[in-house]
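> attaching a predicted model along with its sequence, questions to come.
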2 protein chains.
Amino acid sequence: MDQSPRISLLISQALGLYRLRINALLAQHHIDLTSEMVTVLRVLWQREGRKQQELADLLHKDKASITKVIHNMEKRGLVARVADETDARNKKIVLTQQGQALKKEVLPVLDPFLDSLTADFDEKELAAARAVLSAIIRQLQ
Amino acid sequence: MDQSPRISLLISQALGLYRLRINALLAQHHIDLTSEMVTVLRVLWQREGRKQQELADLLHKDKASITKVIHNMEKRGLVARVADETDARNKKIVLTQQGQALKKEVLPVLDPFLDSLTADFDEKELAAARAVLSAIIRQLQ
DNA sequence: ATCAATTAGTTGACTATTCAACTAATTTTA
DNA sequence: TAAAATTAGTTGAATAGTCAACTAATTGAT
């Protein structure tokens, strides 16, 4: 009889596998992105021009991580750093034409796949799962 | 009104925060380990002498990751690689005295903390969360 | 108004992770 | 049995993430 695995262990394993499969899916479709870049792009597709610290806060990441992901995205020509005129400390991240256009390529590939992973559960079960995960995140912050 | 965040996003954020807090807790207690090393040690504390590929399979990681984590653990004097006499390709990972002794230091620090994060939920909700995560892992494999 | 404290972003060191290419050992197959 | 295929582990390149120390800009306090 297996003991209930700790939720933290399940989370760690799930994330590793998510990354693998998402990166493989993107590669299959010849999209030169990593799953982390997609996470950042999703925020920017909703509203671009955010500064790096805002991205860090939204994604619960260190600002140094964001510096480096943005750097890699800049190398691929997806985003640009724009100086903030009202506060020279800030750098606003804007999408290039290419970064904007990728939305129509990426979402139809990834979203149906992501949704299919939870399709066997009803809304109540998914809500419970989200509630547990959100509570964990809240308490860890 | 906030839309339900995708479970994959919650998982990614939760894991990052878990790592941060676990590493901070370990540092506070002057335990020179990372959260990933603890994950590997938990497996070895249950049964040592596993080969690297077994660790990789159990933790759903690439064997190259295991090579490198084991290397870092060896540097800290926690484990040793032992040649398998019946199959020279395998390296069995055994605990040093120090690696074994850490169990009594680490678990009393981490486990109450990890359990406290889900203490507000009843078993039914936690079971639903585990079921969703396990299903995701199974389908991603 | 000046000096101290805070905030945004970068950099370098370190760990973790994967992939692809590689070596060595074992197993399968023809 | 000899050659081919598989399996275990390592290595180097790439991305991602953190921390601590740093610079530059802004805000606050006296």
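Here it is on my side, so go on. Here the structure is a predicted model, which is why all the values come from computation and not from measurement.
> please make it C-alpha for all contacts and neighbour counts, starting now.
Noted.
> any idea how far the residue positioned nearest the centre of chain A is from A:Lys103?
The geometric centre of chain A, computed from its C-alpha atoms, lies nearest to A:Thr39 (C-alpha atoms, centre = their mean), at 1.7 Å. When distances are taken as C-alpha to C-alpha, to the nearest Å, A:Thr39 and A:Lys103 turn out to be 12 Å apart.
> so the residue nearest to the centre of chain A is in which element?
The secondary structure element spanning A:Thr39 is helix A:35-46 (assigned by DSSP states H and E).
> try A:Thr86
Under the criterion DSSP H and E, no helix or strand holds A:Thr86.
> which residues in chain A form strands?
With DSSP state E as the definition, chain A shows strands at residue ranges A:50-51, A:79-83, A:91-95.
> coming back round to it: now check the helix holding A:Thr39, is it near DNA strand D?
Yes: residues of helix A:35-46 contacting DNA strand D under C-alpha under 7 Å from any atom of the strand: A:Ser35, A:Glu36, A:Met37.
> contact partners for A:Thr39?
Under the criterion of C-alpha atoms under 8 Å, 6 or more residues apart in numbering or on different chains, the contact partners of A:Thr39 comprise B:Leu9.
> gap between it and B:Gln97?
Between A:Thr39 and B:Gln97 the computed distance is 43 Å (C-alpha to C-alpha).
> what's the answer for A:Gln13, then?
Between A:Gln13 and B:Gln97 the distance, using C-alpha to C-alpha, works out to 28 Å.
> up against chain B, what does chain A have?
Near chain B, the residues belonging to chain A are A:7-18, A:21, A:39, A:59-61, A:114, A:117-118, A:121, A:125-126, A:128-130, A:132-137, A:139-141 when assessed by C-alpha under 8 Å from any C-alpha of the partner chain.
> give me the distance between whatever residue of chain A ends up closest to chain B and A:Phe121.
For chain A, the nearest residue to chain B under the criterion C-alpha to the nearest C-alpha is A:Ala129, separated by 4.0 Å. As judged by C-alpha to C-alpha, A:Ala129 and A:Phe121 stand 10 Å apart.
> same check on A:Arg21?
Using C-alpha to C-alpha, A:Arg21 is found at 21 Å from A:Phe121.
> looking at A:Gln13 and B:Gln97, which one has more neighbours?
A:Gln13 (21 against 11; other C-alpha atoms under 10 Å in any protein chain shown).
> need the residues of chain A near DNA strand D, please.
For chain A, the residues in contact with DNA strand D (C-alpha under 7 Å from any atom of the strand) are A:34-37, A:60-66, A:68-69, A:72, A:86-89.
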